[in-house]
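Asker: Fold the following.
(2 chains)
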Amino acid sequence: MAAMRARNKIRAPRRGFSSVKVDDFESTWNVLSSSLIEINTKNASSLSFEELYRNAYKIVLMMRGDELYERVKQLEQGWLQDHVRKRITGSISSSLVRTQVPADAQDQSNERRAAGEKFLASFKEAWEDHQLCMGMITDVLMYMDRIISADRTKPSIYVVSMALFRDYVLRSSARADPPTTVADVLESTVLFMIQLERAGHIIERPLIRHCIQMLEGLYETITEEESSKLYLTVFEPAFLKTSKEFYQAEGRRLLETGDAAAFCRVSSQRIAEEKERCRYTLSIMTESKILDLLDEELIRKNIEEVVKLEGTGVRHMLDHNNLDGLRSVYTLNARVDKKKDALIRVVNKRIVELGTEINASSIAPPAEKDAEGEKKPEKGKEKERPVNQQTVSAIRWVDAILALKRQFDNVWEKAFLSDQTLQGSIMGSFSEFINLNMRSSEYLSLFFDENLKKGIKGKTESEVDVLLDNGITLLRYIKDKDLFETYYKKHLSRRLLMKRSASMDAERQMISKMKMEVGNQFTQRIEAMFKDMTVSEDLTAGYKEHIKRSGDPDSKRVDLEINVLTSTMWPMEMMANTKDGTVQLPCIFPREIDSLKQSFEKFYLDKHSGRKLSWQASMGTADIRATFQRSSGKVQRYELNVSTYALVILLLFNDVPDGESLTYDDIQARTRIPDHDLIRNLQSLAVAPKTRVLKKDPMSKDVKPTDRFFFNHDFQSPFMKVRIGVVSGGANKVENQDQRKETEKKMNEERGGSIEAAIVRIMKQRKKLVHSQLMTEVLAQLSVRFVPDVNMIKRRIESLIDREYLERVSEEPPTYGYVA
Amino acid sequence: MAQSTQSEYVTLVSCDGFEFIIPRSAACISGTIRRMLDPSSNFSEAVTGRCVLNDMTCVIDREWIRTTRSGVLVTRFTDVGSFAFFSAVVLEKVCEYFCYNEKHKDQANVPDMDVPAELCLELLMAADYLDT
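Answerer: Sure thing, here's the model as predicted:
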């Protein structure tokens, strides 16, 4: 159909209505203005939008848009001034204006509150009406807006009307004296409401929210920049100011009550409240600001005090395991300080305090013991008990630390939300007090020893795992790992040789754990010890085979189980033959044993020529079948498990006729067992009540050179097999002062070696290095194993220069060169 | 407001009495009609859901025509005149456009709508008036 018509011709509009009269505008405006007033009085439903729109459209087409704009403006201004303002100011009651009067009197505040609510309600209503009406008017005048304000730089009628509201309602004066504007009244009323809410009253939030929205909707300027919102320019600063005052006072008040838990509770509550307030009562824009203010005024300025509060502070919470309290302290502190300094300081201090207490309680008994031990060095039995006690206290020390660690781990996880910084600092403090205890390495090793011997019996694998892991955690804290290694080796060798270890699996597990924790180098020697043990097993089997094949028919042959140990890998000081510089002659073995020894030596040296075997009788054990001739004529047999020395002693009595005795000196002369070991063995054979195979005259606890020993034919035991332990010989326990000095001396020598090795390694690589740099590198290299003494490093450098490994290249700054 | 449940369709009435019933959503493409029907303003159109678009006589001159959005097309006009642009024919086309627009909203490669040349001017005026 359209195609039938002429395509390119555009019809001209019909002519007519060509002239437009002025009164046409006036009449149109009259219709329009009366309608606008209808809208203002909310009678819009009788009006036709189309009609109004058409009228406005016409006026604009008449090129009278500007005039329309101005007239609408005037109309609205008049309306606001005459009607709206009157209504608002009418709702301001006198109690609202007296802002200076403190609102402490209850009835007065109630009165003020009621007045305030009334005022806010009428304000809200006025604002909403205005908004709605202006919305409608803007809709009607849309065409005008489009043409007028889009072309020229005039704000839209809506913006103008909002500005009119601001100027003629909000900023109109409410009272002449003192000059108060409606905005001031509004502000003070809202602040008063908030104050009420902070004091725990319930206020009408939506009402305030609406008024705040109004402030948010109004701008200082017509361009309506975000930052020029009346809310931001007028209300927010006032709100923040009163809040600041409030929280300063609140902080003071809470500190005065002196309850850290209450402080945290109230603070967290306030934070939540302010958040909620911003969300539901004020504007979301304020949230971050008020929270910053809260952090600053309430928390940052007070947290230090709170954490330190006597009786209720963090210390108290830690002691009483108050996880909730700690958590809130943590969250508060985390708000204001990323590093949580205040909290960390107190937690660390407390850990070190508790740790030092543990240290002190474990060291206190040894101090008594040392004094006692020095007074009566000869009385072995007296010395015995405290030493055991000390071992127990060492283990208790480790247990106490583990318990403490568990407690803090729990706190850290539950209350501190597994915070990284805190973890680091907690570890630091543990390490600090553990290293304060000079004997920590030894104690820890004893702990492992105890557990690997007895502790893990009847435990499942996972339990053992946990136990060892705990120990390893402590190992992590110990700085002098080489010292620990020494002790561990010593204790391990005892376990291995005396077959005291409860489970080889557990031992291996332990080693692999240490390897993961400290590194390969650390466990190398320990692993070598294990290897020696397996090799020895093979050797024993091979030797037995060899004996069988050589066909020695001697039925009385003694079975031999041998452990061949590589001397560099094992802690030799404990089996050293030398004592106090004098060479101890080897023990004289009885005939039977001696032949066995020689036979094995021959066997071994055939296999590995050029090796030297040195026999460590003090480490061995033997099973003997002993016959006791009762006075009644009966014969009682027992199987005795004794140390090698005890075996040698007992075999002496084979040649002694009944009723005869041997003196201590006799035994000593015929066996050449070192005094120390002899005394201990005789003690276990003759003094210990359950294993009294020998009788001693006189019956005292101490062994004196003049004592005489008899074979005890009346020996009684409920068991067939009797184990006669060597008094204080076999068990691993805390060293006494002398042994300790010895160990330290050895340790220092070994460390000297390590330091020299490190220096040479570094210098070989660098060729030339400044002193301070060399120091740092050495410290870095060795810190895994121990913390070297700076003076010691210096001495080692000197000694290397003396031995011409290094040379001084220059003095300023001191620099060394490597001498190839 | 009485218009709590708005009907899904609205009625547009041309100046010569024809009624077009189209979906509210389509009609609201026009800014003018949308405001007209806005329930919060509560005008009579919003209450009844019926928009009577009266015959529109108006004055045009060149200067104004330049200011319209599609002014390029009509700058050749020098006359001052008046005309009716809500005849049934025009309104039909307007409604067609509403539906077309709604159907192809947010789509690319939409086929052009057929606009008869002789209706161009009226449609342009209508578009300006209706703020479409």
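
Asker: okay, CA-based contacts and neighbour counts for the rest of this
Answerer: Will do.

Asker: can you give me the strands in chain B?
Answerer: B:9-13, B:19-23, B:50-52 (DSSP state E).

Asker: Just tell me which of those ends up closest to chain A.
Answerer: When the strands of chain B are compared by Cα to the nearest Cα, strand B:50-52 sits nearest chain A, at 7.3 Å.

Asker: Which strands and helices lie in contact with that closest one?
Answerer: Counting contacts by 3 or more Cα pairs under 8 Å, 6 or more residues apart in numbering or on different chains; DSSP states H and E, strand B:50-52 is packed against strand B:9-13.

Asker: What are the buried residues along the strand it packs on?
Answerer: Buried residues in strand B:9-13, counted by 16 or more other Cα atoms under 10 Å in any protein chain shown: B:9-13.

Asker: swap in stretch B:88-105?
Answerer: B:88, B:90-95, B:97-102.

Asker: Out of those, which sit inside helices?
Answerer: If you go by DSSP state H, these have B:88, B:90-95, B:97-102 in helices.

Asker: rewinding a little: would CSV of the buried residues of stretch B:88-105 with pLDDT and distance to chain A be doable?
Answerer: As requested, these are exported to CSV (pLDDT from 0 to 100; distance: Cα to the nearest Cα, whole Å):
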residue, pLDDT, distance to chain A
B:Ala88, 77, 15
B:Val90, 79, 13
B:Leu91, 81, 15
B:Glu92, 84, 14
B:Lys93, 83, 12
B:Val94, 83, 16
B:Cys95, 85, 17
B:Tyr97, 85, 16
B:Phe98, 84, 19
B:Cys99, 85, 20
B:Tyr100, 85, 19
B:Asn101, 83, 21
B:Glu102, 82, 23
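
Asker: Looking at chain B, which residue is nearest chain A?
Answerer: Closest approach between chain B and chain A, counting by Cα to the nearest Cα: B:Phe43, at 4.5 Å.

Asker: can you give me the strands for chain A?
Answerer: Using DSSP E, the strands of chain A run over residues A:173-175, A:180-181, A:578-579, A:582-583, A:621-629, A:635-643, A:662-663, A:694-697, A:708-711, A:721-723, A:768-770, A:806-810, A:815-818.

Asker: Give me the contacts around the last one.
Answerer: Residues lying outside strand A:815-818 but in contact with it, judged by Cα atoms under 8 Å, 6 or more residues apart in numbering or on different chains, are A:760, A:763-764, A:767-771, A:805-810.

Asker: How far does it sit from its chain's centre?
Answerer: For strand A:815-818, the separation from the chain centroid amounts to 43 Å (computed by Cα atoms, centre = their mean, to the nearest Å).

Asker: From what I see, A:Ile303 and A:Asn333 are in contact.
Answerer: Yes: with contact defined as Cα atoms under 8 Å, A:Ile303 reaches A:Asn333; the gap is 6.9 Å.

Asker: If you average pLDDT per helix and strand, which one of chain B comes out bottom?
Answerer: Least confident helix or strand of chain B, by mean pLDDT, DSSP states H and E, is helix B:62-67 with a mean of 44.

Asker: Distance check, A:Ser161 against A:Ile271.
Answerer: 38 Å (Cα to Cα, to the nearest Å).

Asker: neighbour count winner among the two?
Answerer: A count of neighbours by other Cα atoms under 10 Å in any protein chain shown puts A:Ser161 above the other of A:Ser161 and A:Ile271, at 23 against 19.

Asker: From what I see, the more buried one and A:Leu75 are in contact.
Answerer: No: under the criterion of Cα under 8 Å, A:Ser161 is not in contact with A:Leu75, lying 10.1 Å apart.

Asker: one step back: so which of the ones in helices among the buried residues of stretch B:88-105 comes closest to A:Val329?
Answerer: The shortest approach to A:Val329 among these belongs to B:Glu102, at 58.4 Å (Cα to Cα).

Asker: so where is chain B shaky, pLDDT-wise?
Answerer: B:1-6, B:41-42, B:54-86 (pLDDT under 70).

Asker: mind running it again at 80?
Answerer: Applying pLDDT under 80 to chain B flags residues B:1-8, B:14-17, B:36-90, B:105-132.

Asker: again, but for the stretch 601-750 of chain A
Answerer: Within the stretch 601-750 of chain A, the stretches with pLDDT under 80 are A:606-637, A:640-662, A:665-708, A:710-750.
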